[in-house]
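Peer 1: next come a sequence and a model predicted from it.
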2 protein chains.
Amino acid sequence: MKDAVYPVDQLRSFALSVFQKIGCPPADALLATNVLLSADLRGIDSHGLARLSGYVRLWEAKRINATPSIKTVYETPSTAVVDGDGGLGLVVAPKAMEVAIAKAKQVGTGWVSVKNSNHFGIAGYHAMMALEHDMIGITMTNASPLVAPTFSIERMLGTNPIAVAIPAKEQPAFVADLATTTAANGKLEILQRKNKLAPTGWIQDKSGNSSTNPHELKDGGALIPLGSDYEHGSHKGYALGSVVDIFSAVLSGANYGPWVPPFVAFLQPPSDPVGQGIGHFFGAMRVDAFRSADEFKAHMDNWITRFRNAKPIEGKERVLIPGDPEREMHKIRMEEGIPLNGKVVEDLQMLAQKFLIQF
Amino acid sequence: MKDAVYPVDQLRSFALSVFQKIGCPPADALLATNVLLSADLRGIDSHGLARLSGYVRLWEAKRINATPSIKTVYETPSTAVVDGDGGLGLVVAPKAMEVAIAKAKQVGTGWVSVKNSNHFGIAGYHAMMALEHDMIGITMTNASPLVAPTFSIERMLGTNPIAVAIPAKEQPAFVADLATTTAANGKLEILQRKNKLAPTGWIQDKSGNSSTNPHELKDGGALIPLGSDYEHGSHKGYALGSVVDIFSAVLSGANYGPWVPPFVAFLQPPSDPVGQGIGHFFGAMRVDAFRSADEFKAHMDNWITRFRNAKPIEGKERVLIPGDPEREMHKIRMEEGIPLNGKVVEDLQMLAQKFLIQF
């Protein structure tokens, strides 16, 4: 199947149908669709429609509960632990972020650690929920162990992203959303489809030697923490990925490290779990819990403008603000539609047949 | 002057005398001494006694207030802004961290942004203050602009460290303390003293080309964010350093980005400040605001043990837990003393003459 561009509305109504077919209540199906589609719109193709069949396979394996009872099971004025009841992370995460936002309204900040969840799409979506409340949003999640700590040949961590969204006034918001690895797994998948080599510093083989083979992970290899090697600070990427793991799972009671259940349904979760499901972590900080929101946002405009106007290296158009490329892609794709890889289209057609719906 | 090893007590009483000579009240002088010396003890030589003469020069330039009135100027139940009144960061920072800890006792977490401060020593010291309260400690600070964002030739950010300290039960605490650059400035200073080249990926020259000259910063060059180059994720290091800058200074009302006053007294602060002094950010989270402290710490023991026992790459002794090397160094140096570089010894002797005290 060839790559092709699809209208946003067609993909939205298709995903909505699929989530309803697996039994999600209409409001949850809509929420899951919005989170999933936001990845495609922002250009994070690996986390959008490309994953829809993966969620369905997890549901078929009875590893996703389509009608979860998502509950706060422990709390203080500024904190909570939320039990996702095995629900779609796409649904559990925004509901947990709402809890963080509600706490921030009361006491200035809210911090929520989540257990018993699944893959939650792009971290940036949930962090950005804080913006309309004049809050800073923070999101983290752990994930299937694909990453080797510095000096390790064992895969112990996921690509464990951190997202931070910060509101401004006239300027668009600052939105950082980054895997704590040199390269996100999605970038590797793109190289695999195109049969291209990876740059040095992204991957190691099963013995811990540097590799450029994007298929290395199937043979016991691992992704490398941000920094690429010890001399360039991979121990810092490892430390950051570890903090994400601990905040997401040791605080909440989810599985951590090598015990995190794999996203792919053909691999079984470890038989000796140390917690429930995967874990996330959410934070919301009211900016007016520190100074007037107007003052803060005016200074953010100044920060953003000054950094965007930093003198670029010759041959580079400009210095980017975190979130610029994704926001620009969002605008383009809302107008022009979303390009899908041929293999993703085949996947969606398979889902259409399975559920007797239109694609 | 040759390198030599000095007893901890001798260095402690010397630093204490110097801080008293510049007018610090005895309790503040003791606090500053403890923070400074903790860097040498943990092996972060660049942030210990080596900086003492730098603080004195800032005091001589009337850029440090030895008798500050450190005050909370804005607060909610879980947040505060602290005005450091131009005090030593070594004194302002632990006092601000105490505010965060006190808030966490009340509502689960505490978050404090600080303005009008100065260099605060090692970030890890302040984060570790949370441990004895069964809290997670988080510390950040901005710093003199030495780092070029991805695609920029201008220096816009400091090495902006993040420290996270997490308590365990039987195991020693997890303590990550990392500059958001490929290499901390201190590592560059070591290469400068030894006249050695830096690895590729640490530094760029004034045109933005990769450089291995450790003196490049004197000629308009810059440090590079964690990741080394765009292909290896330097935009992630840039985003993390930016978050540190915004949390430390835009939230508090300190100077941010290129407006941060330089640590060295021979460079003037920018004439068009956007805030007051430099900024820090502190967080404290009670672990029992999420689950029982005992449960949490038992799982941290399991996390630490599992990661420490991950299979190492051949030729590497073991996989390290963040904080392991610094804790081991602390033990050694408490017993054997602290080695000082010859140039640092000359610096301290100069201070001894200036203040008519013994070294």
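Peer 2: Cool, got the structure. Numbering: from 1, shown residues only, chains lettered A, B, ... in the order given.

Peer 1: what about the strands in the stretch 151-300 of chain A?
Peer 2: A:162-166, A:174-178, A:203-204, A:210-211, A:222-223, A:278-286 (DSSP state E, counting those that start in this stretch).

Peer 1: what helices or strands is the last one leaning on?
Peer 2: Right, strand A:278-286. Helices and strands touching strand A:278-286, by 3 or more C-beta pairs under 8 Å, 6 or more residues apart in numbering or on different chains; DSSP states H and E, are helix A:89-107, strand A:109-117, strand A:135-141. The C-beta positions use only the backbone N, C-alpha and C, and glycine is treated the same way.

Peer 1: any chance of those in a markdown table with mean neighbour count as columns?
Peer 2: Converted to a markdown table, these look like this (neighbours: other C-beta atoms under 10 Å in any protein chain shown):
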| stretch | mean neighbour count |
| --- | --- |
| helix A:89-107 | 24 |
| strand A:109-117 | 29 |
| strand A:135-141 | 29 |
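
Peer 1: turn those into TSV, columns for distance to A:Ala127 and mean pLDDT.
Peer 2: Shown next, in TSV, are the helices and strands packed on strand A:278-286 (distance: least, C-beta to C-beta, whole Å; pLDDT from 0 to 100):
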stretch	distance to A:Ala127	mean pLDDT
helix A:89-107	8	98
strand A:109-117	13	98
strand A:135-141	4	98
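
Peer 1: among the ones you listed, which comes closest to B:Gly186?
Peer 2: strand A:135-141 (28.4 Å; C-beta to C-beta).

Peer 1: which outside residues touch that closest one?
Peer 2: For strand A:135-141, contacts defined as C-beta atoms under 8 Å, 6 or more residues apart in numbering or on different chains pick out A:89, A:93, A:97, A:101, A:104, A:119-120, A:123-124, A:126-131, A:158, A:160-167, A:244, A:247-248, A:278-287.

Peer 1: quick revisit: just name the most buried of the strands of the stretch 151-300 of chain A.
Peer 2: Most buried of these by mean neighbour count (mean count of other C-beta atoms under 10 Å in any protein chain shown) is strand A:278-286; its value is a mean of 29.

Peer 1: that one: partners in the sheet, and parallel or antiparallel?
Peer 2: In the sheet, strand A:278-286 lines up against strand A:109-117 (antiparallel), strand A:135-141 (antiparallel) (DSSP bridges).

Peer 1: now the shortest one against strand A:162-166, angle please.
Peer 2: With axes from the mean of the first three to the mean of the last three C-alpha atoms, to 10 degrees defining the directions, strand A:135-141 sits at 170 degrees from strand A:162-166.

Peer 1: who in the stretch 51-200 of chain A is up against chain B?
Peer 2: Residues of the stretch 51-200 of chain A found near chain B (C-beta under 8 Å from any C-beta of the partner chain) are A:74, A:76-79, A:81, A:106-109, A:111, A:113, A:148-154, A:156, A:162, A:164, A:166, A:174, A:176, A:178-183, A:199.

Peer 1: need the strands paired with strand A:278-286 in a markdown table (columns: distance to B:Leu188).
Peer 2: As requested, these are exported to a markdown table (distance: least, C-beta to C-beta, whole Å):
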| stretch | distance to B:Leu188 |
| --- | --- |
| strand A:109-117 | 36 |
| strand A:135-141 | 31 |
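
Peer 1: what's the distance between the residue nearest to the spatial centre of chain A and A:Asp3?
Peer 2: By C-alpha atoms, centre = their mean, chain A has its centre lying nearest to A:Ile122, at 3.0 Å. Look at A:Ile122 and A:Asp3: by C-beta to C-beta, to the nearest Å, they are 21 Å apart.

Peer 1: and A:Phe359, by the same measure?
Peer 2: With C-beta to C-beta as the criterion, A:Phe359 and A:Asp3 are 15 Å apart.

Peer 1: quick one, which of those two is more surrounded?
Peer 2: Each of A:Phe359 and A:Asp3 has its neighbours counted (other C-beta atoms under 10 Å in any protein chain shown); A:Phe359 has more, 17 against 11.

Peer 1: got the contact list for the more buried one?
Peer 2: Counting by C-beta under 8 Å, 6+ apart, the residues that A:Phe359 touches are A:14, A:348-349, A:351-352.

Peer 1: out of the residues you listed, which is most surrounded?
Peer 2: A:Phe14 (22 neighbours).

Peer 1: that residue sits in which helix or strand?
Peer 2: Assessed by DSSP states H and E, A:Phe14 sits inside helix A:8-21.

Peer 1: contact partners of that helix?
Peer 2: A:26, A:28-30, A:32-33, A:36-37, A:40-41, A:49, A:52, A:56, A:88, A:333-334, A:337-338, A:348, A:351-352, A:355, A:357-359.

Peer 1: what segments of chain A are helices?
Peer 2: A:8-21, A:26-41, A:52-60, A:89-107, A:123-128, A:185-194, A:234-245, A:293-308, A:324-336, A:342-355 (DSSP state H).

Peer 1: and the fourth one, what does it pack onto?
Peer 2: In this case it means helix A:89-107. Counting by 3+ C-beta pairs under 8 Å, 6+ apart, helix A:89-107 packs on helix A:26-41, strand A:79-83, strand A:109-117, helix A:123-128, strand A:135-141, strand A:278-286.
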